[in-house]
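Visitor: Next comes the sequence, and after it the predicted model I'd like to discuss.
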Amino acid sequence: MSVEHYENFPVASWLCPPVFRPAVAALYGYARTADDLADEGDAPAQTRLADLAAYRQDLHAIAQHQPPSLRWAPVFNALAPVLHRYHLPLHLLEDLLSAFAQDVHVHHYADRAQLLDYCRRSANPVGRLLLHIWGVEDPQALRESDAICTALQLINFWQDCSIDLPRGRLYIPKSDCLAAGVDPEALLAGQDSPAARRLIATEVAWARDLMMAGAPLVHRLPGRLGWELRLVVQGGLRILDRIRALDHGTLRTRPTIQAVDAPRLLWRALRMRPDNLSHRPS
């Protein structure tokens, strides 16, 4: 998962209540550092996996009230009090490392079930950890959080085709490619075509449906937390709008949210109501 993906989540923003900001920042630092170990620089795969294993050992050390190694001491010294104060589920923090390790050696997915299993470990733990910190344990809220987080991960994939494909990473499931009559090797070669754009449109619709399934969560979170999540949801939907405006040509271009989008995002966030969660691109 790319670093940009994490920045689609609320990362100690001004909307996050001050009491929660150190915890959110500690989680972000933990996830981002591990992501960098898996994905940044030119280290061979064996070294990356060894680093992630050592990183996991430090996680287990602080879980047992032991000091971490010096290598990542700032990360784990910030995480340790959060881990113990909020009794964070250790398996969620481990799931993230499992996904990062998978990213080192798995670059293609056979079907949506495989990709969703990856998202279950790479994205969903972030939302569940935040809800745990905020004291939200309702099963429906957890399901909606998973839908939002998976949608954000998928949106990042469809947004980043022009970056991932030249690196040999194809997150569009092979079964979806074949159903659309698109050769996965042609995508990896960066061959744009009407069929490829129709395929990406299908993936975009999938991500949008997931986001809308999770959107009612914004009404379950109190005050500023709910408002922050509204902007996260609308930010993800806006990226999908921009992909649509490119005629789904993300094999060539990476769409982004820009400052000019801010008024639109705020307006859409204000208009989110329990009975008005449909989203019409404009």
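Guide: That came through, no problem. Numbering: from 1, shown residues only.
Visitor: and the protein, what are its domains?
Guide: 3-7+11-105, 107-282 (automatic domain parsing).
Visitor: got the ones you listed as CSV, with mean pLDDT and mean neighbour count columns?
Guide: C-beta: built from backbone N, CA, C; applies to glycine. As requested, these are arranged in CSV below (pLDDT from 0 to 100; neighbours: other Cβ atoms under 10 Å):
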stretch, mean pLDDT, mean neighbour count
domain 3-7+11-105, 90, 16
domain 107-282, 92, 18
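Visitor: Could you name the helices and strands sitting against the host helix or strand of Leu52?
Guide: Assigned by DSSP states H and E, Leu52 falls within helix 45-63. Counting contacts by 3 or more Cβ pairs under 8 Å, 6 or more residues apart in numbering; DSSP states H and E, helix 45-63 packs against helix 21-39, helix 73-85, helix 90-105.
Visitor: any idea how far the longest one is from the chain center?
Guide: The offset between the C-alpha centroid of helix 21-39 and the centroid of the whole chain comes to 13 Å, using Cα atoms, centre = their mean, to the nearest Å.
Visitor: What of the last one?
Guide: Centroid displacement of helix 90-105 relative to its chain, using Cα atoms, centre = their mean, is 13 Å.
Visitor: what's next to it, contact-wise?
Guide: The contact list for helix 90-105 (Cβ atoms under 8 Å, 6 or more residues apart in numbering) reads 1, 30-31, 34-35, 37-39, 45, 48-49, 52, 55-56, 59, 63, 83, 118, 120-122, 124-126, 128-129, 132.
Visitor: so what's Leu170 closest to, chain neighbours aside?
Guide: Excluding the flanking residues, the one nearest Leu170 by Cβ to Cβ, 6 or more residues apart in numbering is His108, at 5.2 Å.
Visitor: now do Asp58
Guide: Nearest residue to Asp58, sequence neighbours excluded (Cβ to Cβ, 6+ apart): Pro68, at 3.9 Å.
Visitor: and the one you found, helix, strand or coil?
Guide: The three-state assignment at Pro68 reads coil, by DSSP: H, G, I helix; E, B strand; the rest coil.
Visitor: Distance-wise, check it relative to Leu115.
Guide: Per Cβ to Cβ, to the nearest Å, Pro68 is found 32 Å from Leu115.
Visitor: Same check on Gly236?
Guide: Distance from Gly236 to Leu115, by Cβ to Cβ: 17 Å.
Visitor: do the same with Arg198
Guide: 19 Å.
Visitor: How about Leu152?
Guide: For Leu152, the distance to Leu115 (Cβ to Cβ) stands at 14 Å.
Visitor: Over to Asp176?
Guide: In this view, Asp176 and Leu115 are 9 Å apart by Cβ to Cβ.
Visitor: just His65 next, same as before
Guide: Plainly put, His65 is 37 Å away from Leu115 if you go by Cβ to Cβ.
Visitor: Would you mind pulling the contact partners of whatever helix or strand Met212 lives in?
Guide: Element membership for Met212 (DSSP H and E) is helix 194-214. Helix 194-214 is touched from outside by 112, 143-152, 154-155, 157-158, 161, 172, 176-177, 180-182, 186-187, 233, 236-237, 240, 243-244, 247-251, 277-279, with contacts defined as Cβ under 8 Å, 6+ apart.
Visitor: Go through the residues you listed and flag which are in helices.
Guide: Among the contacts of helix 194-214, the members found in helices (DSSP state H) are 112, 143-152, 154-155, 157-158, 161, 176-177, 186-187, 233, 236-237, 240, 243-244.
Visitor: on that earlier part again, the helices and strands packed on helix 45-63 into CSV, with extra columns for distance to Val260?
Guide: What follows is the helices and strands packed on helix 45-63, written out as CSV (distance: least, Cβ to Cβ, whole Å):
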stretch, distance to Val260
helix 21-39, 26
helix 73-85, 35
helix 90-105, 33
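Visitor: Nearest to Thr256, out of these?
Guide: helix 21-39 (18.8 Å; Cβ to Cβ).
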